[in-house]
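Trainee: Dropping the sequence and predicted coords here.
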Amino acid sequence: SNNLKGTLEFTERGWFGRNQPGSDVITGRIESQGEIVSEISGSWLSHLAFDGKTHWELETCRPNDLIREEDCLPSDCRYREDLQSLKQGNLDKAAEMKLALEVKQRGDKKLRLAKKK
């Protein structure tokens, strides 16, 4: 073990607190044997920084390109056709494919339940 401990806090906005930080604000720290070795700040909607240095920004982050592995299962969710259509911006096709998948899953569930009886 490296004896490191990380703590993150997600700030919640109050009902009447306009001056309070938004609910997307993240603060935290990394500790080693009770001593703070790094401060964490940011927003899960925009950026993440350690000790004031930004290590991740939504605007500059590129999603991982789809890399098909040779021996992965066909059921691997990374290759779902509805998600691929969504990534390509084809919302109508994505919704249609997701609905078809859900109908198939409900049918499978009915078969499993019927077999148990």
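Mentor: Alright, I've got the coordinates. Numbers count the residues shown, from 1 in each chain.

Trainee: so which strand or helix has residue 115?
Mentor: For residue 115, the enclosing helix or strand under DSSP states H and E is helix 91-116.

Trainee: quick one: that helix to chain centroid distance?
Mentor: Relative to the mean C-alpha coordinate of its chain, helix 91-116 is positioned 23 Å out (C-alpha atoms, centre = their mean, to the nearest Å).

Trainee: Would you indicate which residues of that helix are buried?
Mentor: Neighbour counts over helix 91-116 (16 or more other C-beta atoms under 10 Å) mark 94, 97, 98 as buried. No exception for glycine: its C-beta is placed from N, CA and C like everyone else's.

Trainee: pLDDT at residue 116, what is it?
Mentor: On the pLDDT scale, residue 116 is placed at 82.

Trainee: oh, I was asking about residue 86
Mentor: pLDDT, residue 86: 86.

Trainee: now swap in residue 44 and tell me
Mentor: On the pLDDT scale, residue 44 gets 79.

Trainee: Verify the contact between it and residue 27 for me.
Mentor: No. Counting by C-beta atoms under 8 Å, residue 44 does not reach residue 27; the two are 11.7 Å apart.

Trainee: For residue 46, see how far away the residue nearest to residue 93 when sequence neighbours are not counted is.
Mentor: Spatial nearest neighbour of residue 93, excluding adjacent residues (C-beta to C-beta, 6 or more residues apart in numbering): residue 85 at 4.3 Å. Distance, residue 85 to residue 46, using C-beta to C-beta, to the nearest Å: 27 Å.
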